[in-house]
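Chemist: give me a model of this one.
(2 chains)
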Amino acid sequence: MTSTAAALVDVAHGRPLRVATLAAHPGSMERATLRALLAAGVEVVIAMGARDPRSFGERAQALRDARPHVVVIALADRGETDHLALLAEALRFGCAAQRPAPRILVASSDDGAVARATALATPFAAEVVPDLRTDDGRRRVVTRLRALRREGGLLRDEALETLARRIAEVRRSPALVVDVTSSSTSLVRAEPLVPLLAAHGRPLGVGRGADHVVARAGLERVRRWIPWTVDQPTLLERVFNRARWPDAVPTDRESLALEIALAHEALAHLLADAAAAGLGAPLRTAATILLTGRLAALPGAEHALLIAIDALEPTEPASIARDEGDALLALASAVASDDHAPLDAKIGDGVVPAAGVIPVTTSRRSLVRIASAGSTREERVDRGSFFVLPVGDAVEVSGPGVTRARIACGPLGLVVDARPRPLALPVRDAERVPAVSRWYETLGVLAPEVAAR
Amino acid sequence: MSWRYGRWTVEHALPVGPAQRIAEGEHVRAGDVIASGGTVTRVHLVDGARRVGVAPRDLDRVLRVRPVADVRRGSILARTGRRFARAATSPIDGRLVHVTVDGDLCISPVVDEWRVRSTIDGIVTRSDDAAVAVEGDCWRLQGLAAYGPDAIGDLALAVDSPSDPLAPTRLDVRLRGRILVGGARMAAEAVTRAHACGVAGIVAGAAPAGGLRVVYGDDVDASGRPTFDDRPTVLCLLGFGSGPLPAEVWDPLVALAGDRAAIHTASARLFVLAPADRTAQPTTVPALALADDHASVRPVDDVRGPNVLLLDAER
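Modeler: You can find the predicted model right below:
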């Protein structure tokens, strides 16, 4: 296959790991579990709670159908195991004969809870890790789950984290790496002296994971990002074929629009998962946003820029760059853990912004001051407006509704975004199509000559 | 090569609660029942170990019935003592399906029965509560995705050429029990009509994804959906939307028409239970191209170009 995607460096995704969770109560433990699983980059195939309304047989069948490799049981104390007893029995009934048998990870710092949960998990092999609400517990479960995924070498998730950490260190400011691939979507935020935040969603992606995106989001939510009318059955056909066609590349504007729409929703749903895990807001802010994977492989930086702005909805000014050909990611996966010099040098001159973006939060209108070397200009910004200024160098931005910041712009200029957040797309095609088309046109997305490239 | 004659192992996943299973080493024919059981729903939890005064690990010693056995209301499930006996009894007519870690007994009412049938002729190589595997020699065609329960029947052509869609007007009750070859496309109307006429299953190049949603529900995805319930069985060989069959796939289908066949939905495979010399194994692997708008798949001669794959590529 000759394709842009084929030119990307293939950093290992590892084995897909199917994880089930059994939880006694919704709440802080559930959030902590989700946060650890997002960081570990596993596929959560079923999350069953003690209040699950299904019967014993239905629960057991659901667990059997899910075929989990690992079952995570997070417990705050001994009392929670009583609520979990019937769930654990459904697991034994449904999965005792599964080959290979699922491993059980009991996460608790309460000895009584561990003893009881281990007994309930008989005959499965159980491992114990500390409470997932602690840093140590999260770190150990992430390490364990990644070890089960690893096929040798560094995982793509780990390379993304190394890259984000090094960008933050080299630039001495927060960095966000946004990665969308065929079967995964990742957001990694690093900041000097602050613990790293990572969310790796599987199987959310624009290729193999396309049907999962539609299953999560619904076809209508994917369709709404396409700037023309398209009927749902036709769109579903494209999504299904894309899901079974590894590394299919968009060759016309229809397929390119589908990829853009899928990337929007994949990121939106990963952000929703991150918000449920208590990570949401920080993942929208960083001085440098680096786009990798399929985002970096789209023809023309404006496509990736639109996805980043619409799906991430950054809350602070940022420079947005692309990692062309995943070159930085490949370097991050290749460097030894104690020798970052080659990567740091490459980051120094390799992270070239494609554009800067200024989110403007205003109830009516704002006056944004943009100061560059030797000149200052003021732009009147009305609520809802979305436009590009031809600015190619570093600028300092400030004004009502704008977080004061210094950002670097690029060939695509400086995007001023005063659209209300969260972005609300009209439901009716007659209103939606003109609105979305306007945004696409603002950035030059899906222009005929670009789509044909 | 997608069409191949050889020895295959087919794993038949079982629903929870199998009551009978065929033993390992037994010979079976396609269509034979290899496991059966009852649908387990809500269970009645009966105090077992506590009621009869033994430790959970010793309950097995005093059980009068074992999982999975049918019990009547009042049946003694476990008992200790002689003169001053302590017993656990069943509160309902049902089936003892499971014994918990704590020594409690799960009794499920028997609401309906399911049966799993073998999809090939062969020898049972695995038989446990999760699956029964059968190994045997036959023709195999690997498809892309299959939906519905496994299907067994005689293979029959329902189209005149590999690029024709399956027309609902060609389907009637005379095709009951057959596995139909449906050409380039099987629309939802044809699939549901075939099911209503008693057709066992349909094999075609592609099915419209929207139609699959109509038949199997909105949460259906591109990787297939094996089920145990009474629904149509379809096997998509190439993709979704429309997919004319290449000659390397179509010609053996024509040659094998009339032989016993089966669709195994979990592995998305068509098995044809015919001797090895019934037809020649194709010597070339056809190339497939995804349409520019991704809405269909078609065979191509040239393997170069964007979005072109060989039929046997890992997908």
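Chemist: next one: B:D230 from chain A, what distance?
Modeler: 17 Å (C-beta to the nearest C-beta, to the nearest Å). (C-beta placed from N, C-alpha, C; glycine too.)
Chemist: for that residue, which non-adjacent residue is spatially closest?
Modeler: B:P149 (7.5 Å; C-beta to C-beta, 6 or more residues apart in numbering or on different chains).
Chemist: I'd say A:N241 and B:L238 touch.
Modeler: No. The criterion here is C-beta atoms under 8 Å, and A:N241 misses it with B:L238 at 9.5 Å.
Chemist: now the residue in the stretch 1-150 of chain B that chain A sits nearest to, nearest residue through space, not along the chain?
Modeler: As assessed by C-beta to the nearest C-beta, chain A sits closest to B:V40 within the stretch 1-150 of chain B, at 3.0 Å. Of all residues not flanking B:V40 in the chain, A:G57 sits nearest, at 3.0 Å (C-beta to C-beta, 6+ apart).
Chemist: follow-up on the earlier one: residues shared between the contacts of A:N241 and B:L238?
Modeler: Counting by C-beta atoms under 8 Å, 6 or more residues apart in numbering or on different chains, the contacts common to A:N241 and B:L238 are B:V297.
Chemist: so what's B:A274 up against?
Modeler: B:A274 touches B:C138, B:W139, B:L256, B:D259, B:R260, counting by C-beta under 8 Å, 6+ apart.
Chemist: just those: which are in strands?
Modeler: With DSSP state E as the criterion, strands contain B:C138, B:W139, B:R260 from among the contacts of B:A274.
Chemist: ok, so of those, who is nearest A:R224?
Modeler: Ranked by distance to A:R224 (C-beta to C-beta), the ones in strands among the contacts of B:A274 are led by B:W139 at 46.1 Å.
Chemist: wait, that closest one touches B:Y5, no?
Modeler: Yes. Applying C-beta under 8 Å, one finds B:W139 in contact with B:Y5, separated by 5.1 Å.
Chemist: which residues do these two both contact?
Modeler: Joint contacts of B:W139 and B:Y5 (C-beta under 8 Å, 6+ apart) are B:A276.
Chemist: for those two, indicate the residue with more neighbours.
Modeler: B:W139 (25 against 19; other C-beta atoms under 10 Å in any protein chain shown).
Chemist: report how many residues lie close to the residue nearest to the more buried one when sequence neighbours are not counted.
Modeler: Spatial nearest neighbour of B:W139, excluding adjacent residues (C-beta to C-beta, 6+ apart): B:V272 at 4.1 Å. Using other C-beta under 10 Å, B:V272 has 26 other residues around it.
Chemist: residue contacts, B:V272?
Modeler: Taking C-beta under 8 Å, 6+ apart, we find B:V272 in contact with B:C138, B:W139, B:R140, B:L141, B:L155, B:L256, B:D259, B:R260, B:A261.
Chemist: most neighbours among these, which one?
Modeler: Of these, with other C-beta under 10 Å as the count, B:A261 tops at 31 neighbours.
Chemist: what's near enough to touch it?
Modeler: B:I152, B:G153, B:D154, B:L155, B:I179, B:L270, B:F271, B:V272, B:L273.
Chemist: same deal with B:R225?
Modeler: Contacts of B:R225 (C-beta under 8 Å, 6+ apart): B:Y147, B:G148, B:Y216, B:T265.
Chemist: what's the helix or strand hosting the first one in contact with?
Modeler: So the one you mean is B:Y147. Applying DSSP states H and E as the criterion places B:Y147 in strand B:145-148. Residues from elsewhere that reach strand B:145-148 (C-beta under 8 Å, 6+ apart): A:244, B:201, B:212, B:215-216, B:220, B:222-227, B:231-236, B:263-269.
Chemist: name the nearest of the ones in strands among the contacts of B:A274 relative to A:A334.
Modeler: B:W139 (46.8 Å).
Chemist: can you report how many residues neighbour the residue in the stretch 151-300 of chain A that chain B sits nearest to?
Modeler: Proximity of the stretch 151-300 of chain A to chain B (C-beta to the nearest C-beta) peaks at A:P233, 3.1 Å away. As a burial measure, A:P233 scores 17 neighbours (other C-beta under 10 Å).
Chemist: on that earlier part again, can you list the buried residues in the helix or strand encompassing the residue nearest to B:V40?
Modeler: A:G57 is part of helix A:56-66, with elements assigned from DSSP H and E. Residues of helix A:56-66 classed as buried: A:F56, A:G57, A:E58, A:R59, A:A60, A:Q61, A:A62, A:L63, A:R64, A:A66 (neighbour count, 16 or more other C-beta atoms under 10 Å in any protein chain shown).
Chemist: mind checking the SS state of the residue lying farthest from the centre of chain B?
Modeler: Within chain B, the residue lying farthest from the chain centre (C-alpha atoms, centre = their mean) is B:R83, at 52.2 Å. Look at B:R83: counting by DSSP: H, G, I helix; E, B strand; the rest coil, its state is coil.
Chemist: can you show me the helices along chain B?
Modeler: Using DSSP state H, the helices of chain B run over residues B:49-52, B:59-62, B:188-196, B:209-216, B:247-256.
Chemist: any part of the first one near chain A?
Modeler: Which is helix B:49-52. No. Applying C-beta under 8 Å from any C-beta of the partner chain, one finds helix B:49-52 out of contact with chain A, separated by at least 13.4 Å.
Chemist: other SSEs contacting that helix?
Modeler: helix B:59-62, strand B:76-80, strand B:86-89 (3 or more C-beta pairs under 8 Å, 6 or more residues apart in numbering or on different chains; DSSP states H and E).
Chemist: pick the most buried one from these.
Modeler: strand B:76-80 (a mean of 20; mean count of other C-beta atoms under 10 Å in any protein chain shown).
Chemist: residues in contact with the residue of the stretch 101-250 of chain B found nearest chain A?
Modeler: Residue nearest to chain A within the stretch 101-250 of chain B (C-beta to the nearest C-beta): B:G210, separated by 3.1 Å. B:G210 makes contacts with A:Q232, A:P233, A:L236, A:E237, B:A188, as judged by C-beta under 8 Å, 6+ apart.
Chemist: A:D310 and A:W439 touch, don't they?
Modeler: Yes. In this structure, A:D310 is within contact of A:W439 by C-beta under 8 Å, at 7.2 Å.
Chemist: the more surrounded of those two?
Modeler: For A:D310 versus A:W439, neighbours defined as other C-beta under 10 Å are more numerous around A:D310 (22 against 19).
Chemist: mind checking how far the more buried one is from chain B?
Modeler: For A:D310, the distance to chain B - C-beta to the nearest C-beta - is 22 Å.
Chemist: could you list the low-pLDDT ranges of the chain?
Modeler: You didn't pick a chain, so chain A it is. Across chain A, the ranges flagged by pLDDT under 70 are A:1-10, A:336-338, A:447-453.
Chemist: that's the wrong chain, I meant chain B
Modeler: Looking at chain B by pLDDT under 70, you get B:1.
Chemist: hmm, back to that, output the strand holding B:Y147 as CSV, restricted to C-alpha atoms.
Modeler: Coordinates of the C-alpha atoms in strand B:145-148 are reproduced here as CSV (Å, rounded to 0.1, in the frame of the first residue of the first chain):
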residue,chain,number,x,y,z
ALA,B,145,-17.4,-10.5,9.6
ALA,B,146,-20.4,-12.6,10.5
TYR,B,147,-23.5,-11.9,12.4
GLY,B,148,-26.1,-14.1,14.1
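Chemist: tell me how far that strand is from the chain's mean position?
Modeler: In terms of C-alpha atoms, centre = their mean, to the nearest Å, the centre of strand B:145-148 is set 9 Å apart from its chain centre.
Chemist: now do stretch A:102-121
Modeler: Here stretch A:102-121 is found 31 Å from its chain centre; the criterion is C-alpha atoms, centre = their mean.
Chemist: mind listing residues that contact that stretch?
Modeler: So stretch A:102-121 is contacted by A:20, A:33, A:36, A:68-78, A:80-81, A:84-85, A:88-89, A:91-92, A:95, A:124-132, A:134, A:137, A:141, A:144-145, A:148, B:101 (C-beta under 8 Å, 6+ apart).
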